[in-house]
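Whatever this is, show me its structure:
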Amino acid sequence: MLKCVELTPTGLHTYHMPLVPDTAHRVHRDKGNTTIVVGYETQHVVFAQQPAALSIKCSFAGPVNYVVDGRRVVVDEDRYLLVNHDHAYSSYVEHEAPVRALSVFFGKPLVDEVVRCLMQTDEALLDNADALLSVTEFFEYLQPYDVELLPHLRAIHQAHDTNAMDAQWLVERLHELLAALVRRERACRVQIAGLPSLRTSTRLEVFRRVSVARDFIDSNFDQTLGLDVIAAQACMSPHHFLRSFKQVVGQTPHQYLMDLRLSKARRLLSVHDLPVATAAGRVGFESWEHFSRLFRQRYGQSPGTLRAKKRSA
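Predicted coordinates:
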C-alpha cells in the first residue's frame, strides 16, 4: 500500500491507496496547492507518467527508477532527485528485496513563501545576478545527500513510517528542508557562474550536459562504461566531454566512476554478508583483485577486513 500524509489547514490527513498504475494520478489530483508526504515499501510497482507538484524523491532501501525527459535515473540510499512543478515523469521499482521509497510533494504556496523570504534576506547573492538566475525551478539531476538535508529527510521518513507526525512539527521540517534545497541550488548556480565561458547560456548548457552524463554514470555504474559511451549521453565529443566533466565535477569520468563503485561496494559489505568477489562484481568490477587494491587505497583497509568486522559485530 501507498501511504499518504496530507498537510491541510486543519491539520494532517492520512490515507492509504493500493499500488496500482493510476494511484499517482489520484494522489496528485490537487497538485500544486497541497503538501503531501508519500511513502511505500515494495519489490515491484509501476507508476504511469503524471505531472505533480515540486517534489524530492528519496529511497532509504534499494533503487527506485524514474523516467524524466525520456532518460532513466536511479534514486537510491546515496542520492535524491528533484522534479519541478507540473513536470511529467514516471517511476517503477523492480528489485529482489523490498524498496523503501519516500517522496515529499511541496505545495506551491509553501515553496513561494520560502523562496521569497530567502530572496529578500540574502543580499549578498541578490547582488550577483549571474549566480542568482531563477530559483523558481530546480535542476532535475541526481544529487548526493549532505549533512544539512539528510537529517530532515530521515526525520520525516521515520515519523511517516511510525505514524508519529505532528502538523506543526512537519511544517517546521518542511520549511527547513526547502530552505536547504534553495541554498544548495544557489550554490550550484554560483558554481556554474564560475565555469570558463563568456556566455551564461554556454555555462548552463555545459552544466546541463555534464549533469545528464553524470546521472547516466550514477544509474549504470555496474555496467561497462567507456568514455565514448558516457560522452554520447552528453552529445559531446569524448575530448570535449572529458574537459567539461572535469571542470564541472572536479574529477575525470573514470575517477568519478571508480569512487562511486567503491562507495557502493563499501555499503554492500557493511550492510550485507556478501563475499568480496560478489560485492565487487555487483558494482561493476571485473577483477576482485583490482577492486581489493583500490578499496585498500581508498579506505585504508581491505574489503575482507571490513566484511569480517561486519560479521563479528
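
how many other residues sit next to the nearest residue to Thr23 once chain neighbours are set aside?
Nearest non-adjacent residue to Thr23, counting by C-beta to C-beta, 6 or more residues apart in numbering: Met17, 5.0 Å away. Just so you know, the C-beta spots here come from the backbone N, C-alpha and C atoms, and that holds for glycine as well. Met17 is flanked by 16 other residues according to other C-beta atoms under 10 Å.

Mind pulling the model confidence for Met17?
The model reports Met17 with a pLDDT of 91.

Surely it is in contact with Leu2?
Yes: contact criterion C-beta atoms under 8 Å: Met17 and Leu2 qualify, at 4.8 Å.

Show me whatever sits in contact with both of the two.
Contact criterion C-beta atoms under 8 Å, 6 or more residues apart in numbering; residues shared by Met17 and Leu2: Thr23, Val27.

what bridges to Thr35?
In this entry, Thr35 is beta-bridged to Leu7, by DSSP bridges.

Contact partners for it?
So Thr35 contacts Glu6, Leu7, Ala53, Val104, Phe105, Phe106, Gly107, Leu110, Leu174 (C-beta under 8 Å, 6+ apart).

Dump those residues into TSV; add pLDDT as well.
Shown next, in TSV, are these (pLDDT from 0 to 100):
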residue	pLDDT
Glu6	93
Leu7	91
Ala53	90
Val104	96
Phe105	95
Phe106	94
Gly107	90
Leu110	89
Leu174	95
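
And those, which is closest to Ala193?
Phe106 (25.9 Å; C-beta to C-beta).

hang on, isn't the closest one packed against Leu178?
Yes: here Phe106 reaches Leu178: they are 6.3 Å apart, a contact under C-beta under 8 Å.

The stretch 201-313 of the chain: helices as residue ranges?
Assigned by DSSP state H, counting those that start in this stretch, the stretch 201-313 of the chain shows helices spanning 227-233, 238-249, 253-271, 276-282, 288-299, 303-312.

For the fourth one, which residues meet the burial criterion?
If you call a residue buried by 16 or more other C-beta atoms under 10 Å, then helix 276-282 has these buried ones: Val276, Ala279, Ala280, Gly281.

before we move on, back to that, ramachandran coordinates for the residue nearest to Thr23?
Note on Met17: its backbone torsions stand at phi -140, psi 150 [degrees, to the nearest 10].

give the contact list for it.
With C-beta under 8 Å, 6+ apart, Met17 has these contacts: Met1, Leu2, Cys4, Thr23, Arg26, Val27.

quick revisit: quick one, which of the helices of the stretch 201-313 of the chain gets closest to Leu150.
Across the helices of the stretch 201-313 of the chain, closest to Leu150 is helix 253-271 (C-beta to C-beta), at 14.7 Å.

Which strands or helices does that closest one pack on?
Secondary-structure packing of helix 253-271 (3 or more C-beta pairs under 8 Å, 6 or more residues apart in numbering; DSSP states H and E): helix 200-219, helix 227-233, helix 238-249, helix 276-282, helix 288-299, helix 303-312.

can you put those helices in CSV and add mean pLDDT and distance to Asp166?
CSV is the format used below for the helices and strands packed on helix 253-271 (pLDDT from 0 to 100; distance: least, C-beta to C-beta, whole Å):
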stretch, mean pLDDT, distance to Asp166
helix 200-219, 96, 35
helix 227-233, 97, 44
helix 238-249, 96, 40
helix 276-282, 92, 40
helix 288-299, 92, 40
helix 303-312, 76, 36
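
Go through the ones you listed and name the closest to Thr162.
helix 303-312 (26.6 Å).

where does the protein dip in pLDDT?
Applying pLDDT under 70 to the chain flags the ranges 30-32, 119-136, 310-313.

dump the residue contacts of Val206.
Val206 touches Leu195, Ser197, Ser244, Gln247, Val248, counting by C-beta under 8 Å, 6+ apart.

And stretch 1-14, what's buried?
Buried residues in stretch 1-14, counted by 16+ other C-beta under 10 Å: Leu2, Lys3, Cys4, Val5, Glu6, Leu7.

Tell me which residues are up against that stretch.
Here stretch 1-14 has contacts from 15-19, 23, 27, 34-40, 107, 160, 163, 165-167, 170-171, 174, using C-beta under 8 Å, 6+ apart.

Are any of those residues buried, and if so which?
17, 19, 23, 27, 34-40, 107, 160, 165, 170, 174.

of all those, which two lie farthest apart?
Spanning the widest gap among the buried ones among the contacts of stretch 1-14 are Leu19 and Leu174, at 24.9 Å by C-beta to C-beta.

What count of nearby residues applies to the nearest residue to Val99 once chain neighbours are set aside?
In space, and not counting its chain neighbours, Val99 is closest to Gly62: 3.5 Å by C-beta to C-beta, 6+ apart. Residues within reach of Gly62, counting by other C-beta under 10 Å, total 19.
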